[in-house]
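**Student:** Sequence below, structure please.
(one chain, ligands or ions: 1)
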Amino acid sequence: MAALKRLSTYRKRTRTKQETVGELMRTQYYTAMSLDGFIATKDDSLDWLFPLGDINDTSYPQFINEVGALAMGSATYEWMLRHVIKPDSPTPGKWPYRQPTWVFSHRQLSGIDNADIRFVNGDVRPVHAQMRAEADDKNIWLVGGGDLVGQFYDAGLLNEIITQVGSVTLGAGKPLLPRRITSPSLKLISVQQIGQGFAELRYEVPLP
Ligand SMILES: NC(=O)c1ccc[n+]([C@@H]2O[C@H](COP(=O)([O-])OP(=O)(O)OC[C@H]3O[C@@H](n4cnc5c(N)ncnc54)[C@H](OP(=O)(O)O)[C@@H]3O)[C@@H](O)[C@H]2O)c1
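**Tutor:** Presented below is the predicted three-dimensional model:
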């Protein structure tokens, strides 16, 4: 509860600061990871994640309300296709986001009915500018994976990392953020316990 209060105070503070520089939206990497820093196993399994807790007990419902545009890499998109949409099933699932989504890939991937998905590749900077223009003054969610988020970091375009650290270790897998960020370090803004399954950490990211 105290952590939640701190978070809301932090939000008010950062909003005020951003408003004074005329910049409302933030580019956020919001994801869950294992205690040893992996967002998925090497073969893209997330089976370890879902038993750890209920997403509705996390900051996610409030977070997603403040998102105006999403970006993800092709492995994340293909995970969504396999596990959520299942296009070959007699009753395919629905794309869960109403916001426009930019998917990075060098390949030609299939879109999804009734979903606003834009396929892009290469430099993240012009894509970020396009996302900003369409995000309706809301935040940009970098869904993952880690290297794609690293490309936004390299370009000075990552403001925050919000990660739910799950109470499991995987030993190996897809890393949270394969970059070296040491000096200046990330700035820890808040810590929230979510049952016994997660600790949610929020960091502000320094410019590279
Ligand atoms: N734990 C969580 O909450 C969470 C959150 C998000 C994702 N995940 C999972 O984590 C895994 C992430 O996989 P991943 O690390 O391989 O990352 P990914 O970013 O989802 O996919 C990487 C692929 O995206 C494409 N790509 C990346 N940058 C690009 C660029 N600038 N231009 C064009 N294409 C680009 C490349 O593939 P091609 O060019 O070959 O298409 C690259 O191999 C997935 O299994 C996902 O489901 C977990």
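
**Student:** isn't residue 40 right up against residue 174?
**Tutor:** Yes: when contacts are counted by Cβ atoms under 8 Å, residue 40 is listed as touching residue 174 (4.4 Å). Where C-beta positions appear, they are placed from N, C-alpha and C, glycine not excepted.

**Student:** Neighbour count for the two, which is higher?
**Tutor:** residue 40 (25 against 22; other Cβ atoms under 10 Å).

**Student:** looking at this, residue 78 is in a helix?
**Tutor:** Yes: with DSSP: H, G, I helix; E, B strand; the rest coil as the criterion, residue 78 is assigned to a helix.

**Student:** Now for it, how many residues are close by?
**Tutor:** Neighbour tally, residue 78, other Cβ under 10 Å: 16.

**Student:** where does the residue of the chain positioned farthest from its centre land in three-state SS?
**Tutor:** Here the chain reaches farthest from its C-alpha mean at residue 90, the gap being 30.2 Å by Cα atoms, centre = their mean. For residue 90, the secondary-structure state derived from three-state DSSP is coil.

**Student:** Let me see the contact set for it.
**Tutor:** Taking Cβ atoms under 8 Å, 6 or more residues apart in numbering, we find residue 90 in contact with no residue.

**Student:** where's it relative to the ligand, distance?
**Tutor:** Distance from residue 90 to the ligand, counting by Cβ to the nearest ligand atom, to the nearest Å: 24 Å.

**Student:** residues in contact with whatever residue of the chain ends up closest to the ligand?
**Tutor:** The chain approaches the ligand most closely through residue 73 (1.8 Å), counting by Cβ to the nearest ligand atom. Residue 73 is in contact with 103, 104, 105, 144, 145, 147, 148, counting by Cβ under 8 Å, 6+ apart.

**Student:** Much appreciated, bye for now.
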